[in-house]
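In: Quick one, structure for this:
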Amino acid sequence: MTEFAPPGTRYCALPLPFAMKRGGALHGARVAYETWGTLAPGADNAVLILTGLSPNAHAASNDGNPEPGWWEAMLGPGKAIDTTRWFVICVNSLGSCKGSTGAASIDPATGEQYRLAFPDLSIEDVARAAHAVVDALGIERLACVIGCSMGGMSALSYIQQFPHGARGHINVSGAAQALPFSIAIRSLQREAIRLDPHWNLGRYDETHYPDAGMRIARKLGVVTYRSALEWHGRFGRVRLDSERREDDPFGLEFEVESYLEGHARRFVRQFDPNCYLYLSRSMDWFDLAEVGGGDILAGLATLRVERTLAIGVATDILFPLQQQEQIAGGLAAGGADAHCLALPSPQGHDAFLVDIERFAPAVAGFLARL
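Out: Numbers count the residues shown, from 1 in each chain. Presented below is the predicted three-dimensional model:
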């Protein structure tokens with residue numbers, strides 16, 4: 001198995017068999033997770049965090065791993081998600097390569113990697129796998145489920161599949177269905193990987209690996225994670241110091257190109273390409289209109305949760321603000337105390353990772369009211 005799980009990761013075995021929404025089942029599957037804080041005697045202080053496509057379960061430093069996590073500034077003692085009050089669980093998505101079972105894992109039936117034999121993955125499968133962790137920890141009802149980006153989709157699916165499974169919900173730059181622009185971008189990312197000859201229908205190895213396809217896919221993603229305002233402010237039209245090489249006349253010339261290249265190269269060998277394909281497609285398939293007779297607002301209105309805060313960013317082009325407004329409106333129509341908060345962050349979709357000064361008070365305020 002291609003293993004990218006950080007130290008301190010814990011594992012939860014999934015029920016046998018674990019049936020998948022679109023057919024097929026997993027046997028001997030698991031999901032990776034980490035926890036912070038102490039579960040109250042009544043198990044009523046649990047907060048579940050569901051992540052975007054690429055993060056692992058290590059959202060913040062803890063006793064098992066002192067290294068900073070991907071949401072370190074948001075989670076911990078005295079922080080917005082205060083671990084002196086809340087028992088926090090972060091689950092790595094089913095289908096990922098960060099410790100959970102996915103296409104890079106060993107199929108117990110064959111002793112080989114699943115690769116493209118892995119069953120079709122849906123957001124609904126990701127949500128049910130996360131619920132298995134919550135159930136195994138003895139928690140009947142979450143105080144809050146928080147979903148970021150793809151995790152926002154997973155959180156909505158969690159609430160839809162497990163009515164009253166959470167009192168509160170914070171949806172951070174998420175969506176109830178994939179929009180055509182987002183689908184188009186992810187389609188190009190998947191095509192870049194599949195057209196790399198080393199992908200070889202998913203049968204690559206460390207020697208013959210689709211590095212070029214993964215680099216381009218990651219660059220496309222990073223471009224959409226930030227806003228045009230952010231790109232202009234950080235890089236402008238600043239050129240690299242080095243002169244163009246004669247053997248590479250169309251090579252890197254601007255600093256923004258160099259930034260994307262460095263970002264992509266750091267990612268390439270840290271995320272399995274087949275897992276990337278499966279998770280990417282699961283987002284395109286997700287559509288709560290399926291439970292609303294073809295109407296997305298009607299689908300959202302079927303969800304049962306007491307309080308919801310949908311947080312969006314005006315500069316987000318990947319999960320635009322209209323989608324968070326839609327979430328709040330649909331859940332309010334279903335009886336939830338639901339509100340949408342639009343933040344003026346210039347960083348685009350990734351703002352929740354970096355604009356902590358704006359996001360932290362919103363998250364802390366919502367949790368305080370629970």
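
In: And the residue nearest to Leu331 when sequence neighbours are not counted, how close does it get to Ile356?
Out: Using C-beta to C-beta, 6 or more residues apart in numbering and skipping the chain neighbours, the partner closest in space to Leu331 is Ala338 (4.1 Å). Heads up, the C-betas are built off the backbone N, CA and C, glycines and all. Separation of Ala338 from Ile356 (C-beta to C-beta, to the nearest Å): 24 Å.

In: At which residues are the helices of this protein located?
Out: For the chain, the helices identified by DSSP state H occupy 123-136, 150-161, 180-195, 211-225, 228-235, 255-268, 273-285, 296-301, 321-333, 351-354, 356-369, in order along the chain.

In: who touches Thr110 in this structure?
Out: Listed by C-beta atoms under 8 Å, 6 or more residues apart in numbering, the contact set of Thr110 reads Ala117.

In: For it, give me phi and psi.
Out: phi -120, psi -20 (degrees, to the nearest 10).

In: ditto for the one 10 residues further on
Out: Backbone torsions for Asp120, taken as degrees, to the nearest 10, come to phi -50, psi 130.

In: If you drop the residues flanking it in sequence, what lies closest to it?
Out: Beyond its immediate neighbours in the sequence, the residue positioned closest to Asp120 (C-beta to C-beta, 6+ apart) is Arg22, lying 4.0 Å away.

In: That neighbour: how many residues sit nearby?
Out: 12 (other C-beta atoms under 10 Å).

In: Return the residues in contact with it.
Out: Pro119, Asp120, Leu121, Ser122.

In: Ranking by neighbours, what's the top pick from those?
Out: Each of these was scored by neighbours using other C-beta under 10 Å; the highest score is Leu121's, at 26 neighbours.

In: Got the confidence number for it?
Out: At Leu121, the pLDDT value in this model is 98.

In: same question, Val256
Out: On the pLDDT scale, Val256 gets 93.

In: pretty sure it is in contact with Trp231, am I right?
Out: Yes. Counting by C-beta atoms under 8 Å, a contact exists between Val256 and Trp231, whose distance comes to 6.2 Å.

In: who has more neighbours, the two?
Out: In this view Val256 and Trp231 are compared by other C-beta under 10 Å, and Val256 has more residues nearby, 19 against 15.

In: so who does the closest residue to the more buried one other than its chain neighbours touch?
Out: On the basis of C-beta to C-beta, 6+ apart, the spatially nearest residue to Val256 that is not a chain neighbour turns out to be Phe235, at 4.1 Å. Under the criterion of C-beta under 8 Å, 6+ apart, the contact list for Phe235 reads Phe254, Glu255, Val256, Tyr259.

In: and what of Gln326?
Out: Ala175, Ala176, Ile296, Leu297, Leu300.

In: What is the most widely separated pair among those residues?
Out: The widest separation within these, taken as C-beta to C-beta, falls between Ala175 and Leu297 and amounts to 13.3 Å.

In: The two: which has the busier surroundings?
Out: Ala175 (28 against 18).

In: Tell me, how many residues neighbour the nearest residue to Ser173 once chain neighbours are set aside?
Out: Ranked by C-beta to C-beta, 6+ apart and with sequence neighbours excluded, the top spatial neighbour of Ser173 is Phe319, at 4.9 Å. Here the count is done by other C-beta under 10 Å, and Phe319 has 28 residues near it.

In: which residues touch Ala46?
Out: Contact partners of Ala46, counting by C-beta under 8 Å, 6+ apart, are Leu39, Trp86, Phe87, Val88, Ile89, Val134, Leu137, Ile139, Leu142, Ala143.

In: Go again with 7 Å.
Out: Under the criterion of C-beta atoms under 7 Å, 6 or more residues apart in numbering, the contact list for Ala46 reads Leu39, Phe87, Ile89, Ile139, Leu142, Ala143.

In: Any chance of these in CSV with pLDDT, distance to Arg307 and neighbour count as columns?
Out: CSV is the format used below for the contacts of Ala46 (pLDDT from 0 to 100; distance: C-beta to C-beta, whole Å; neighbours: other C-beta atoms under 10 Å):
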residue, pLDDT, distance to Arg307, neighbour count
Leu39, 98, 21, 17
Phe87, 98, 19, 21
Ile89, 98, 19, 27
Ile139, 98, 18, 21
Leu142, 98, 12, 27
Ala143, 98, 10, 20
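
In: right, so the helices of the chain: which one is the most enclosed?
Out: The highest mean neighbour count among the helices of the chain belongs to helix 150-161 (a mean of 27), with neighbours defined as mean count of other C-beta atoms under 10 Å.

In: For that one, give the mean pLDDT please.
Out: 98.

In: Contacts for that helix, please.
Out: Outside helix 150-161, the residues that touch it by C-beta under 7 Å, 6+ apart are 50-53, 93, 123-124, 126-128, 130-131, 145-147, 165-166, 169, 171-176, 283, 286, 288, 291, 302-303, 305.
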